[in-house]
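# coords please:
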Amino acid sequence: MSSNIYQKARLGVIHFKAYPEVETGEGPIIETLEKLAEDEFWSAVEVGWIKDYRVRNTVRHILEQSHLSVAFASQPRVLQNRLNLNSLDKRERALAVDTLKRSIDEAHEVGAEVVRLIAGRDPGDSDREEAKKLLVDSLFQLLEYAKEEGQLDFTLKLFDRDIDKRNLIGPTQDALDIAEAVYPHHSNFGLLVDLSHYPLLRENPRDSIPKLAKYLRSVHVGNCVYQDRRHPAYGDIQPRFGLQGGENDTEQVVEFFQILEENGFFTQNQRPIISAEVRPVLAGEKSGLILANAKRVIRDAWAFSGI
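Residues are numbered from 1 along each chain as shown. As a prediction, the model looks like this:
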């Protein structure tokens with residue numbers, strides 16, 4: 001009989017994906033966050049850029065009351081402002097580092113325990129190794145800055161290389177290179193993989209997870225469309241599970257959970273966060289229904305995983 005998933009992990013949801021109208025750091029942040037905080041299915045939430053400090057204060061009060069674990073995701077700010085921690089241009093990279101220091105400050109303001117980071121654009125084969133060195137340097141700067149304000153953990157998320165976001169990190173081996181360079185100096189650093197990104201990377205979690213297991217701290221579960229370029233959800237769009245033309249449904253999440261179990265993911269000192277990254281994409285889709293879809297898939301996948 002399967003164990004209770006809450007004994008093994010904290011189930012999270014990515015706020016600004018579930019409610020894309022707040023992804024710009026504005027909009028009905030408080031109202032939508034309250035909906036998630038009132039739903040006892042979730043034990044963690046990943047919040048993004050919140051421009052107004054008064055809203056951040058209210059968000060902190062909501063999160064303190066809710067007993068939710070909190071992650072602060074830098075992706076919205078990074079992607080909307082085209083920030084690049086591995087830019088070959090010194091000024092661009094400095095801007096990215098300085099801006100993400102503000103994200104660290106905001107993570108503290110909302111009571112987050114971990115900050116999600118992403119690499120910048122891949123510069124191509126000829127400059128990739130140099131870009132990786134620059135990314136490591138930028139990560140060191142951010143991790144040293146974070147020490148001044150108190151303990152925070154950090155994860156670097158793997159994105160696609162040549163489909164949508166076109167990030168440096170990236171394929172498994174490049175992510176491993178970064179982790180091996182950073183972790184020995186900063187044990188609060190780790191990696192985050194997303195089930196929805198594996199098809200876009202043309203990789204398989206069964207091959208990837210064993211290589212990354214030592215550094216893997218959190219995961220996202222979601223879906224993507226990869227085969228049909230004409231599909232409205234093609235690329236890194238995070239559509240609902242089971243979408244026609246998509247890559248992931250309950251069966252793939254079952255296997256993902258099993259691979260994580262086989263590679264010790266659930267034996268960390270603190271229960272890891274598994275977050276659903278899904279959003280309404282097609283006309284007529286609603287956030288509440290998409291979230292219900294994700295909860296059913298997670299619950300059923302765990303029950304069938306045999307863990």
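
# residue 56 against residue 107, yeah?
No: using Cβ atoms under 8 Å, residue 56 is not in contact with residue 107; the gap is 10.2 Å. The way it works is simple: take the backbone N, C-alpha and C, and place the C-beta from them, glycine included.

# between the two, tell me which one has more neighbours.
The neighbour count for residue 56 versus residue 107, taken as other Cβ atoms under 10 Å, is higher for residue 107 (24 against 18).

# pull the contacting residues for that one.
72, 115, 152 (Cβ atoms under 8 Å, 6 or more residues apart in numbering).

# how many residues are close by the second one?
Translated: residue 115. 23.

# relative to the strand or helix carrying it, what are the paired strands and their orientations?
For residue 115, the element it lies in under DSSP states H and E is strand 114-118. Here strand 114-118 has these sheet partners by DSSP bridges: strand 69-73 (parallel), strand 153-157 (parallel).

# what about those strands, which gets the closest to residue 214?
Across those, residue 214 has its closest neighbour in strand 153-157 (13.7 Å, Cβ to Cβ).

# run the chain-centre distance for the closest one.
Remark: strand 153-157 is offset 8 Å from the chain centroid, using Cα atoms, centre = their mean, to the nearest Å.

# spatially, what comes nearest to residue 188 if we skip its sequence neighbours?
Once flanking residues are discounted, residue 188 sits nearest to residue 153: 4.7 Å by Cβ to Cβ, 6 or more residues apart in numbering.

# and the one you found, how many neighbours?
Close neighbours of residue 153, defined as other Cβ under 10 Å, add up to 19.

# what sits against it?
113, 114, 115, 188, 189, 190, 217 are the contacts of residue 153 under Cβ under 8 Å, 6+ apart.

# got it, and residue 211?
172, 173, 176.

# now it: how far from residue 173?
Using Cβ to Cβ, to the nearest Å, residue 211 is found at 8 Å from residue 173.

# repeat that for residue 244.
Residue 244 sits 33 Å away from residue 173, going by Cβ to Cβ.

# next, the buried residues of stretch 134-154.
Using 16 or more other Cβ atoms under 10 Å as the burial criterion, the residues of stretch 134-154 that qualify are 134-136, 138-143, 146, 152-154.

# out of these, which sit inside helices?
In this view, the buried residues of stretch 134-154 that belong to helices under DSSP state H are 134, 135, 136, 138, 139, 140, 141, 142, 143, 146.

# can you list those in JSON lines and add distance to residue 158?
What follows is these, written out as JSON lines (distance: Cβ to Cβ, whole Å):
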{"residue": "134", "distance to residue 158": "18"}
{"residue": "135", "distance to residue 158": "13"}
{"residue": "136", "distance to residue 158": "16"}
{"residue": "138", "distance to residue 158": "17"}
{"residue": "139", "distance to residue 158": "14"}
{"residue": "140", "distance to residue 158": "20"}
{"residue": "141", "distance to residue 158": "21"}
{"residue": "142", "distance to residue 158": "18"}
{"residue": "143", "distance to residue 158": "19"}
{"residue": "146", "distance to residue 158": "21"}
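
# closest to residue 235 among those residues?
The closest of these to residue 235 turns out to be residue 135 (Cβ to Cβ; 22.9 Å).

# in three-state terms, label the closest residue to that closest one other than its chain neighbours for me.
Closest residue to residue 135 apart from its sequence neighbours, by Cβ to Cβ, 6+ apart: residue 86 at 3.9 Å. Put simply, residue 86 is coil when judged by DSSP: H, G, I helix; E, B strand; the rest coil.

# what about stretch 135-150, distance to the chain center?
With Cα atoms, centre = their mean, you get 19 Å for stretch 135-150.

# do the same with stretch 223-230
20 Å.

# what's the neighbour count on the nearest residue to residue 123 once chain neighbours are set aside?
Distances taken as Cβ to Cβ, 6+ apart place residue 131 nearest to residue 123, at 5.0 Å, with adjacent residues excluded. Applying other Cβ under 10 Å, we find 25 residues neighbouring residue 131.

# for residue 214, give its distance to residue 259.
In terms of Cβ to Cβ, residue 214 sits 15 Å off from residue 259.

# cool, residue 203 as well?
Relative to residue 259, residue 203 is positioned 12 Å away (Cβ to Cβ).

# could you look up the SS state of residue 231?
Assigned state for residue 231: coil (three-state reduction, three-state DSSP).

# do I have it right that it meets residue 237?
No: applying Cβ under 8 Å as the test, residue 231 and residue 237 come out as separate, 9.2 Å apart.

# overlap in contacts, these two.
Residues touching both residue 231 and residue 237 (Cβ under 8 Å, 6+ apart): residue 225.
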